[in-house]
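Trainee: Could you work out the structure for the sequence below:
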Amino acid sequence: MTEMHFGMKRKLIIVFGVLFFFVGCIALYPLQYRHHLPKTELVIDGVTREYYLFVPSGEASGPSGLIITLQGGGADAGWRFPTQDEWEAIAEKENMIIALPSGHTYGDNEGAWVLNTDATAMQDINFFNEMISDISGRHWVDTSRVYAVGWSLGSMFAYELACHMSESFAAIASVAGTMPVNVKSCEQARNVPIMHVHGAEDEIIAYGNSWEWKAWDSVGAMRDIPSLIAYWSDKYECQSKAETSGEAATHFAYSDCAQDARVEHYRLERGTHDWPETLLGQPTSAVMWSFLNHYTLAGRNEQPISGN
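Mentor: Residues are numbered from 1 along each chain as shown. Now for the predicted structure:
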């Protein structure tokens, strides 16, 4: 009787321990992956859109720049951006505000952001114009220092911003995305400097092959990554190309471009579709920020721009 009693007691302890573990995981999961930031809603063309905002805690002596991060296509509204903690640390140090807008599926588009934007599909562009205006009305923002950072479908939409909001974005950086082969419209007011990071073994957005987005007719065939880089370096009339190789990555830098623009590309030799932790030994977020932080709407600065 005693052994049976202790045996049943031990089993109950194990069962409750397992249940406690899973309940704890469920409780922590949303805290780890969902936003802890305040949300703002805007009504754009009759549709409620939302963004989350990080504002540095210190009292700045000057206006803050603005980093806008672009989530991937499968991300639910309110989910954090990859390495968001790193970006918040950069923003805190450099007096930058971070806006994290949520995507919205319109009509027959297959993702959170509208691609191959033209005059008939300006919903997201209208949202971003209103969001930047709303943030600037609430905070002291240096509107010459607005940047976009995108991942996956968010990376693809970053190129829509480069095409259709070139007068608003000083520079963009993106990971694991591409552009349509047949671009409907990309009439820029200025050449937006671009950094693109991509894994050579990306299983979703292939590095070396174009592919057909069959479920999204208005988008059509998508570029392979060498074609993507060639599109921008040719468009910007870049005259110089430098290549730096490491064991894990190769860095291509296209310079001497029209309007002092620049195109940089990191090819991760064993990289997949995941956001990479490092680029040539440095944190990816830090490398991206180092690139972005040289640019304003007025052009490139040889020295990084102080955010403080």
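
Trainee: give the contact list for residue 179.
Mentor: Counting by Cβ atoms under 8 Å, 6 or more residues apart in numbering, residue 179 touches 156, 159, 222, 223, 228, 231. C-betas here are computed from N, CA, C, even on glycine.

Trainee: go with 6 Å
Mentor: 159, 223, 228 (Cβ atoms under 6 Å, 6 or more residues apart in numbering).

Trainee: ok now do the closest residue to residue 202 other than its chain neighbours, which residues does it touch?
Mentor: Once flanking residues are discounted, residue 202 sits nearest to residue 273: 4.8 Å by Cβ to Cβ, 6 or more residues apart in numbering. For residue 273, the contact set (Cβ under 6 Å, 6+ apart) comprises 176, 202, 204.

Trainee: So what's the residue count around residue 43?
Mentor: By other Cβ atoms under 10 Å, the residues close to residue 43 number 9.

Trainee: So what does residue 131 look like in phi/psi?
Mentor: When read as degrees, to the nearest 10, the backbone of residue 131 gives phi -60, psi -50.

Trainee: try the one 4 residues further on
Mentor: In this entry, residue 135 is assigned phi and psi values of phi -70, psi -40 (degrees, to the nearest 10).

Trainee: Tell me the secondary structure at residue 68.
Mentor: Put simply, residue 68 is strand when judged by DSSP: H, G, I helix; E, B strand; the rest coil.

Trainee: swap that for residue 127, sorry
Mentor: helix.

Trainee: Report the separation between it and residue 229.
Mentor: Plainly put, residue 127 is 28 Å away from residue 229 if you go by Cβ to Cβ, to the nearest Å.

Trainee: what helix or strand does residue 97 sit in?
Mentor: In this structure, residue 97 sits in strand 96-101 according to DSSP states H and E.

Trainee: CA atoms of that strand as CSV?
Mentor: Presented in CSV, the C-alpha positions along strand 96-101 are these (Å, rounded to 0.1, in the frame of the first residue of the first chain):
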residue,chain,number,x,y,z
MET,A,96,16.3,56.9,-33.2
ILE,A,97,12.6,56.1,-33.2
ILE,A,98,11.5,52.7,-34.5
ALA,A,99,8.1,52.2,-36.2
LEU,A,100,6.8,48.7,-36.7
PRO,A,101,3.8,48.8,-39.0
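
Trainee: Please list all residues in contact with residue 261.
Mentor: Residue 261 touches 191, 193, 236, counting by Cβ under 6 Å, 6+ apart.

Trainee: Could you give me the PyMOL selection string for whichever of the contacts of residue 273 are buried?
Mentor: In PyMOL, this line selects whichever of the contacts of residue 273 come out buried by 16 or more other Cβ atoms under 10 Å:
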select buried, resi 176+202
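
Trainee: May I see the contacts of residue 273 organised as JSON lines, with secondary structure added?
Mentor: Below are these laid out as JSON lines (three-state DSSP):
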{"residue": "176", "secondary structure": "coil"}
{"residue": "202", "secondary structure": "coil"}
{"residue": "204", "secondary structure": "coil"}
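
Trainee: Turn the contacts of residue 273 into CSV, including distance to residue 288 and pLDDT.
Mentor: Formatted as CSV, those follow (distance: Cβ to Cβ, whole Å; pLDDT from 0 to 100):
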residue, distance to residue 288, pLDDT
176, 13, 98
202, 18, 98
204, 20, 96
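
Trainee: Show me which of the contacts of residue 273 is closest to residue 284.
Mentor: Nearest to residue 284 among the contacts of residue 273, counting by Cβ to Cβ, is residue 176 at 11.4 Å.

Trainee: Look at residue 216 and say how many residues are nearby.
Mentor: Using other Cβ under 10 Å, residue 216 is surrounded by 16 other residues.

Trainee: Helix, strand or coil: sort out it for me.
Mentor: Using three-state DSSP, the structure places residue 216 in coil.

Trainee: I'd like the average pLDDT over stretch 186-198.
Mentor: Average pLDDT, stretch 186-198: 98.

Trainee: Pull out the buried positions in that stretch.
Mentor: By 16+ other Cβ under 10 Å, the buried positions in stretch 186-198 come out as 186, 188, 190, 191, 192, 193, 194, 195, 196, 197, 198.

Trainee: Just the element for the nearest residue to the first one once chain neighbours are set aside, please.
Mentor: Yep, that's residue 186 we're talking about. Leaving out its chain neighbours, the residue that sits closest to residue 186 by Cβ to Cβ, 6+ apart is residue 163, at 3.8 Å. Using DSSP H and E, residue 163 sits in helix 153-164.

Trainee: what residues does stretch 85-99 touch?
Mentor: Residues outside stretch 85-99 that contact it (Cβ under 6 Å, 6+ apart) are 51, 53-56, 60, 64-68, 285, 289, 307-308.

Trainee: now that stretch: how far from the chain's centre is it?
Mentor: How far stretch 85-99 lies from its chain's middle: 14 Å, per Cα atoms, centre = their mean, to the nearest Å.
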